[in-house]
Each structure stands twice: as structure tokens, then as C-alpha cells.
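J.: any chance you could fold what I've pasted below:
(one chain, ligands or ions: 1)
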Amino acid sequence: MMDYDVLILGGGIIGCAVAYELSKYNINIALIEKDYDVANDISCANTAVIYDGSEVYDDIMSKLENRGMNLIEKHCEKFKITYNKVGALRISSNQARYNMFNVMYKNAIERGIDGVHIVEDSAIYDIGLKLGININNALYSENIALISPYNLAVSYAEVAADNGVNFRLEEEVIDIKNISKGFKVTTNKNKFTCKFVINTIPNEISIDKRNQIHSEIRNKKMKYILLNEKLRNNINSIVINDIDDDTFIINMSTLSKGNLIGIKSNNDLSLKEELELSKSILHDMKKELITNIFTETYSKDSMFIDDSNLNDGYIKVTGNHYAKITIAPAIALDIEEKLKINMNIAKKRDYIDKKREVHVFRNMSKEQRNKVIALDKRYGNIICSCNNISEGEIVDSIRRPLGARTVEGVKRRTGIGIGSCNGSYCNMKIIKILAREMNNSLLNVVDDSMDSKILVGRIKEFNEI
Ligand SMILES: Cc1cc2nc3c(=O)[nH]c(=O)nc-3n(C[C@H](O)[C@H](O)[C@H](O)COP(=O)(O)OP(=O)(O)OC[C@H]3O[C@@H](n4cnc5c(N)ncnc54)[C@H](O)[C@@H]3O)c2cc1C
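T.: Reported below is the predicted structural model:
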């Protein structure tokens with residue numbers, strides 16, 4: 001039986017942010033995650049909106065969003081993650097929605113959120129947009145930003161791991177029980193005891209199953225359409241076309257300078273209808289430009305930290321919300337405060353609040369590139385010609401603390417595979433590098449989880465594939 005001071009259950013963005021904040025203290029911590037990698041459930045397009053708290057009606061969620069946004073901006077600077085403060089314009093051709101814009105604007109003022117404006121007539125076009133519909137009233141927030149959520153979650157996890165948090169991947173929590181001084185947590189592989197449990201698993205595992213909270217489930221489907229980089233529009237900001245209470249379209253740019261269009265509707269729309277809706281923002285939208293279409297669950301349940309068993313040493317994060325990434329660091333700080341009151345903990349003297357250096361070949365000057373190639377010639381071997389990603393970066397993504405062990409893990413850490421070839425040119429090369437670095441057979445390399453092997457077998461026993 002292994003003993004820890006604190007067990008964090010779940011390695012999504014919230015679990016990783018909590019691990020980061022708590023790794024500053026002199027306590028023995030483990031994080032248990034059932035998947036091969038942390039933050040595996042973050043949206044496939046790897047682009048997240050960082051909200052400012054002006055769009056949400058609930059005051060508590062608004063505070064969490066606003067605090068989260070400020071923290072994420074600081075964390076991105078610290079971890080050298082691009083924080084793209086592009087702003088967001090909310091438009092509508094439905095007169096009734098304008099009233100909602102005015103409510104959001106008033107809310108922003110009352111909440112002390114600066115940088116939110118009602119814009120009218122030609123001022124809308126001064127923001128530099130060429131939209132597909134004519135509008136004369138909009139809500140603009142300067143604050144809204146875009147980041148790579150995976151980069152943020154992995155940075156939290158890497159710094160936590162470097163400061164001693166034990167990440168136990170591929171272990172599924174199956175039971176949590178109160179014992180006389182703390183908890184017994186059982187996984188499919190081990191049994192643990194601990195003084196404190198922080199449960200970030202969004203479903204039903206809770207102490208003795210008596211603490212289940214049945215939040216009202218209001219999950220709806222959200223369709224995403226990804227466009228490759230060929231569509232050159234002049235829209236830099238995020239644009240949201242509010243159609244009615246249940247329908248909106250959002251357009252944002254992606255890391256690979258394409259577009260990601262999200263369509264939220266309660267009706268099953270045909271592709272033709274979705275294209276028509278998208279044209280309200282991207283007037284030159286065409287079916288031929290689509291590189292991928294996927295559906296995710298859209299949710300706006302309020303999130304909160306259930307501390308009703310805090311005296312026993314149990315905290316559970318509940319709810320699911322479209323801005324969960326934005327609020328993750330704010331939730332982590334709240335949990336840190338609660339733990340400080342309930343456990344006698346002290347800051348570590350040798351804490352290193354820094355992520356190990358990453359060489360991003362495509363962002364380097366010729367001189368910088370030559371310098372790293374002289375030290376490690378694998379940086380001179382380009383594996384992804386869409387986005388100029390080198391073998392050196394892939395090897396580093398595997399060898400780092402909490403390094404990638406799956407093709408998806410390499411893609412998310414390096415940005416490989418999201419170019420216009422959609423991975424067709426580089427997939428096999430990534431598989432070979434992973435097998436070599438992990439000293440494993442090519443046949444055992446997985447895409448993202450245990451049951452996602454990529455190569456079925458050899459046709460003939462050649463040494464090379
Ligand atoms: C379509 C869509 C778009 C989004 N866009 C945005 C956005 O633009 N901005 C924003 O701020 N947020 C956004 N979000 C929210 C955000 O992406 C996710 O909700 C968030 O990544 C989930 O984080 P989490 O850590 O709380 O939860 P999860 O990622 O669900 O974390 C829980 C973790 O627990 C693990 N787990 C589950 N069961 C067990 C078990 N029994 N034992 C061990 N581990 C277990 C899971 O594998 C998972 O890693 C979006 C969400 C969706 C669906």
C-alpha cells in the first residue's frame with residue numbers, strides 16, 4: 001500500500017493546474033490518470049478561447065473566468081506559450097439578441113471588467129472585419145484570447161513533475177473510501193492511502209458513493225469544422241454570430257493559421273445548412289476548404305468546488321462548462337487556499353517555477369537554428385515540411401519529464417500533424433521515432449490509448465518498414 005499526503009484524481013487541465021500549484025509545498029503528492037497522457041480530453045483542434053467573464057450570466061462563474069484569464073496570461077508568459085489576445089466580436093442579425101448584448105455590456109461594467117464595448121455601424125467595420133452579413137450593432141471585448149490548451153496543461157504537469165509530483169498514468173481509480181485518518185483509493189493496479197483527496201474526475205466516483213451530485217445535464221452537441229490554411233481571410237478576432245438562445249456560430253483562427261468554425265444548434269443540420277451559417281462570418285467559405293469535421297459535447301453547467309467533506313480531507317470539483325480551461329487555474333488557487341487551512345503545509349525552498357527549455361525550430365532565426373543543429377544534428381532533419389518541425393523537437397517531446405508516449409502526444413506537444421497534409425506525410429516517421437526512443441516494436445506504438453494500435457502486423461519480416 002503506497003502512502004501520500006495528497007492524491008489528485010484525474011489529469012485533465014484542472015488536475016494538472018492543481019498539481020502545479022500544490023507542487024510548491026513540501027508534501028508528498030501523486031496524480032492518478034487513467035489515460036496514457038495528461039489532458040487527453042482537451043478538444044482535438046488544440047485551440048481554446050480564454051474568456052473574460054463578461055459573457056456569462058452567473059456571477060460566480062464570471063469571477064472564476066476573469067481570475068482564470070489573468071492567471072493564464074501570466075502563466076503563458078512564464079511558460080513561453082503564445083497568448084493571442086485577438087478580441088471577440090459578438091454579432092447578430094436578430095434584433096432581440098441586441099438586448100442580450102446590452103445586458104452583457106452592463107454586466108461587464110458592474111463586474112469591473114474593462115475593455116468591453118458596444119460598437120455600432122461603421123465602427124464594426126473599423127475593427128477590420130469583412131463579414132458575410134450586414135449588422136449595425138455588436139458587442140466587442142478586447143480581452144478575449146486564444147491559446148493552445150494542451151501546451152498549458154502539459155506545462156503545468158511538467159513543472160509539477162520536475163518538482164516531485166508523481167504522475168501515475170494508465171491507472172484507473174475504481175474506489176475511494178474514508179478510513180480512520182484519511183482515505184483509501186483503489187485503482188485497477190494499486191491501493192493507496194492518503195490524508196487528502198482532490199477529485200477532479202467529472203463522473204460518479206466519490207467517497208463511499210454517498211456524495212454523488214446529480215447536476216442538471218444540459219449537454220448539447222457542438223459541430224466543429226476545420227479549414228486548412230488556404231483560406232486567407234482578414235478576420236483576426238474571434239467572431240460569434242448569435243442567432244437565438246440555442247444557436248450560435250463561432251469562428252477563430254487556429255495555430256496553423258487556418259480557421260476553426262464551431263456551430264452550436266439543437267437541430268441536426270445538414271452540411272449545406274452549416275456552410276450557409278458559416279458564410280455569415282466567412283463569406284468566402286467553400287466545402288472544398290474543409291480538412292476535418294468533428295462533434296463535441298457543449299456544456300454550460302456551473303462549476304464549483306464541493307468542499308462539504310473538507311474537514312475529512314475531501315474536495316471534489318463538479319460541473320462541466322465551456323470555459324473550463326479558462327477557469328482551471330482559478331479553481332487550482334481556491335483549492336490551494338482550502339488545503340492551506342486544513343493541512344499544515346510549508347513552501348519548498350528548492351522549488352523551480354520554470355519549464356525546461358524547448359527549441360521550436362520554426363520560430364527560430366537562421367543563426368539560432370545553426371547553433372542548435374551544431375549541438376544536435378537531429379534539429380537539422382525536418383520531419384514535418386508543412387510546419388517545419390524537426391526530428392530534434394520530436395525526440396525532445398518524448399524525452400522530456402512526462403514525455404509523449406503516443407503519436408497524439410507527440411503531435412500535441414510539437415504541433416506536428418496539423419498542417420495541410422493532415423499527418424499523411426509524417427505519421428509513419430513519428431511512429432518510427434517513438435518506437436526507437438521507447439525501445440519498443442513499431443507494432444506496439446499507439447495513437448492515443450491502449451486500444452489504438454496503428455500497425456496491425458508485418459506482411460513480411462523486413463527489418464525496415
Ligand atoms: C467542444 C469543446 C470546446 C471547448 N472549448 C473551450 C474553450 O474554448 N475555452 C475553455 O476555457 N474551455 C473550453 N472547453 C472546456 C475544456 O476543453 C474541457 O472541458 C476541459 O479540457 C476538461 O478539463 P478537466 O480537466 O476538468 O476535465 P477532464 O479533461 O474531463 O479531466 C478529467 C480527467 O480524469 C480522467 N479520468 C476519468 N475517469 C478516471 C478514473 N476513473 N481514474 C483516473 N482518471 C480518470 C480523464 O481521463 C481526464 O483526463 C471546451 C470543451 C469542449 C467539449
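J.: show me what from the chain comes close to the ligand.
T.: Of all the residues in the chain, those in contact range of the ligand (C-beta under 6 Å from any ligand atom) are 9-15, 32-35, 40-43, 48-49, 172-173, 200-202, 205, 222, 296-298, 322-326. For every residue, glycine as well, the C-beta is placed using N, CA and C.
J.: Ile431: helix or strand, and which one exactly?
T.: Under DSSP states H and E, the secondary-structure element containing Ile431 is helix 427-437.
J.: was I right to think Ser148 contacts Asn84?
T.: No. When contacts are counted by C-beta atoms under 8 Å, Ser148 is not listed as touching Asn84 (9.5 Å).
J.: more neighbours, those two?
T.: When Ser148 and Asn84 are compared for neighbours, Ser148 comes out ahead with 24 against 19, by other C-beta atoms under 10 Å.
J.: apart from its neighbours in sequence, what residue is nearest the more buried one?
T.: Taking C-beta to C-beta, 6 or more residues apart in numbering, and ignoring the residues beside it in sequence, Ser148 has Asn46 as its nearest neighbour in space, at 5.3 Å.
J.: need phi/psi at Glu171.
T.: In terms of degrees, to the nearest 10, the main-chain angles of Glu171 are phi -130, psi 120.
J.: test my guess that it contacts Lys191.
T.: No. Using C-beta under 8 Å, Glu171 and Lys191 do not qualify as a contacting pair, with a distance of 11.0 Å.
J.: ok, the two, which is more surrounded?
T.: Ranked by neighbour count (other C-beta under 10 Å), Glu171 and Lys191 place Glu171 first, with 20 against 11.
J.: what sits closest to that one if chain neighbours are left out?
T.: Thr187 (4.2 Å).
J.: what's near enough to touch that neighbour?
T.: With contact taken as C-beta atoms under 8 Å, 6 or more residues apart in numbering, Thr187 is in contact with Ile32, Arg168, Glu171, Glu172, Val173, Ile174.
J.: so which of the residues of the chain next to the ligand sit within helices?
T.: Mapping the residues of the chain next to the ligand onto helices (DSSP state H) picks out Ile13, Ile14, Gly15, Lys324, Ile325, Thr326.
J.: pick out the most distant pair among the residues you listed.
T.: Largest separation among those by C-beta to C-beta: Gly15 and Thr326, giving 16.1 Å.
J.: contacts only, for the closest residue to the ligand within the chain.
T.: Of all residues in the chain, Gly12 sits closest to the ligand, at 2.0 Å by C-beta to the nearest ligand atom. By C-beta under 8 Å, 6+ apart, Gly12 lies in contact with Val38, Ala39, Asn40, Asp41, Ile42, Ala153, Thr200, Pro202.
J.: and what of Leu227?
T.: Neighbour list for Leu227: Gly258, Asn259, Leu260, Ile261, Leu282, Met285, Leu289, Ile290, Thr291 [criterion: C-beta under 8 Å, 6+ apart].
J.: which helix or which strand is home to the fifth one?
T.: Looking back up the chat, that one is Leu282. Counting by DSSP H and E, no helix or strand carries Leu282.
J.: so it is in contact with Gly258, correct?
T.: No. The pair Leu282 and Gly258 does not pass the contact test of C-beta under 8 Å, sitting 11.2 Å apart.
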